[in-house]
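**Student:** need a 3D model of the following:
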Amino acid sequence: MDSGTLFNQPSFDQSSFDQVLFGRPAAERVVTHRASPRTHSPGSQRSFDDLGVPLHQVTFCVIDLETTGGNRNDDRITEIGAVKVCGGEALGTFQTMVNPGIRIPAEITVLTGITQAMVLRAPRIESVLPSLLEFIGDSVVVGHNVGFDLAFINSALERSGRQRLGNHVVDTLAIARRLLVDEVPNMKLGTLADRLRLDHRPTHRALDDAMATADLLHFLFERAAFFGVLGLDDLLNLPGIDTHPQVHKLALTDGLPRRPGVYMFHDRDGRILYVGKATNLRSRVRSYFSSDRRRKVAQLLRETDHISHIECPGPLEPEVTEIRLIQQHSPRFNRVGKSPSKYVYLKLTLNEQFPRLSVVTRPKSDGALYLGPVRSRRAATAAIDAIHSVTSLRRCTSRPSSRSESGPCATAQLGASACPCTGFTPLNQYAQITAQVTTELTQHPERLLGRLADRMHALALAERFEEAAETRDRAAALAAILRRSHLFARMQRAGRLVVEQPGRGGAEIVAGRLVNTWSTDGDVPLFSPTDIGAPGPEPAGPFGPVLDGSAADEIICVASWLDSNAADLRLLQVEGQWSSATISLPRFAAAKGVGTKRDT
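**Tutor:** All right, here's what the predicted structure looks like:
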């Protein structure tokens, strides 16, 4: 085993991975879903001329009505609201109250706020229709459940001796049902406005509802573009056609349960293309066929031959299972967690006479201090720069010698670091510098970060804002690495940890790794202690054994679960030292991409 590996990782092939990982035969744990896709005749690729009028060139008239009831023959219109839009811009609005000529029911007044007094002096519908028709013109009529509005408008037109509207019609309700089915509990305009955070919210008044519907229309344009809907003809046909090029594979999801677990997309050779977790397996996987706009999803679905899943009883098991499967199989469509070997470490060479900081890819049992693992070399380098900026550790890489003819290094000449290169800094003096840095990194990181905060504020007061921002980003990277290192140390010091959630089940954790879970309903344990092997010899350091990347992701996941559920957990057994308190360090708002969770 490599010196940086926390646990032996079992070697297994595609057919047996579940048995090894979960301690049960694959047939009992992994459920595979296959289907015989329908045969589609190949169609020729359309040219741009075949796409119809581009949507951004089409004028839409979004209409909403308020009425005395739902019967187009017996009830009448009380208010009309409309907004005309083109290319994402509002061209004009139309709003008027209408005297229905009949009594407005009390329940309608409660719903809309429209009273008999409000329509008493309003024009009758016969007087309103000419200006409404002029406003609509030849635009495409849009509404949410637009059939209701058109039924009342056409009924009024027929009573006045006019022809019914012959405009193209788009129903946002029908399109939303096609594109948003897995994202919202219902398709009411108010629900959609809230869930999609539309700029306008419906109020059961005609113009407000029309404005909200216009916002919804533009949102649906963006979503429909993912399915190749770019022209008016495609939009008109959208509610009645299969909107996804791989929709015939939707049958692969028919057997998925509405339970938490892990799902896997496989190609025809059985290779795992993608691994994901979900609290509702069926809903999550089906969303790939309807509402997922990521570009890589289309290619993933094209290559998918079958889908398998593993049910997991709680929130922790799916996350750990996902991490392990991704690390084992390196699925092509997964981005995060595939390459733990790319993690790096900050190293303070305490095994040298004059220690210095560096970034290394693998820890050794050499007496040095290692911080990490860290996902990003960029973040590790930023952290080292942060330490250098507030300490006197040497930055040169040459071997210190009193006979050196090159003189002090550049940073020493500037007074930014000590200079053992030429014997200028005595050994005992440099040892004090090293001891202070080691203590601050391992026991009192708040002192180191406090000096960085002081430096950042001083630079800002001096209006050296770029340098202040650079200090902030470096400090953020260092703080994130220190938090992780202390978290790893806390989990490893605990040794074997057994916890229980009363009424739900429990978990056994060894050095931060999940080795066993059980549920109160008598389910077979998802994991067994032999799944991940016994701990092996590790490079030792001030924080304890130094982790490799494959262990780090899982330990972070387990620690997060323990911390977030601390109030509900009962500690049954601990063989080491356990403290639920996390280290409190200053927080620095780093620029995007530096010192962020993904970097560190």
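**Student:** what segments of the stretch 51-200 of the chain are strands?
**Tutor:** 59-67, 77-86, 89-97, 140-143, 169-171 (DSSP state E, counting those that start in this stretch).
**Student:** could those strands go into CSV alongside mean pLDDT and mean neighbour count?
**Tutor:** C-beta here means a position set from N, CA and C on the backbone, and glycine is covered the same way. Converted to CSV, the strands of the stretch 51-200 of the chain look like this (pLDDT from 0 to 100; neighbours: other C-beta atoms under 10 Å):
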stretch, mean pLDDT, mean neighbour count
strand 59-67, 97, 24
strand 77-86, 97, 23
strand 89-97, 96, 14
strand 140-143, 97, 24
strand 169-171, 95, 19
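**Student:** include distance to residue 263 when you put the ones you listed into TSV, please.
**Tutor:** Formatted as TSV, the strands of the stretch 51-200 of the chain follow (distance: least, C-beta to C-beta, whole Å):
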stretch	distance to residue 263
strand 59-67	39
strand 77-86	40
strand 89-97	42
strand 140-143	37
strand 169-171	33
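**Student:** out of those strands, which is closest to residue 343?
**Tutor:** Minimum separation from residue 343 across the strands of the stretch 51-200 of the chain (C-beta to C-beta) falls at strand 89-97, 49.5 Å.
**Student:** output that closest one as CSV, nothing but the C-alphas.
**Tutor:** C-alpha atoms of strand 89-97 as CSV (Å, rounded to 0.1, in the frame of the first residue of the first chain):
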residue,chain,number,x,y,z
GLU,A,89,-39.1,43.7,-24.4
ALA,A,90,-42.6,45.0,-23.6
LEU,A,91,-44.1,46.9,-26.5
GLY,A,92,-47.3,48.1,-24.8
THR,A,93,-50.0,47.2,-22.4
PHE,A,94,-53.8,47.1,-22.5
GLN,A,95,-56.1,47.2,-19.4
THR,A,96,-59.7,48.0,-18.9
MET,A,97,-62.6,47.1,-16.6
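**Student:** among the strands of the stretch 51-200 of the chain, which is nearest residue 189?
**Tutor:** Comparing these by C-beta to C-beta, strand 59-67 comes nearest, at 8.8 Å.
**Student:** from the chain's centroid, how far away is the closest one?
**Tutor:** 36 Å (C-alpha atoms, centre = their mean, to the nearest Å).
**Student:** likewise for stretch 554-561?
**Tutor:** That offset, for stretch 554-561, works out to 17 Å (C-alpha atoms, centre = their mean).
**Student:** also stretch 111-128?
**Tutor:** With C-alpha atoms, centre = their mean, you get 48 Å for stretch 111-128.
**Student:** so which of the strands of the stretch 51-200 of the chain comes closest to residue 187?
**Tutor:** So among these, strand 169-171 is nearest, using C-beta to C-beta, at 10.7 Å.
**Student:** elements contacting that closest one?
**Tutor:** Packing contacts for strand 169-171, counted by 3 or more C-beta pairs under 8 Å, 6 or more residues apart in numbering; DSSP states H and E, involve strand 140-143, helix 146-159.
**Student:** what is the shortest one packed up against?
**Tutor:** For strand 140-143, the helices and strands in contact under the criterion 3+ C-beta pairs under 8 Å, 6+ apart are strand 59-67, helix 146-159, strand 169-171, helix 206-225.
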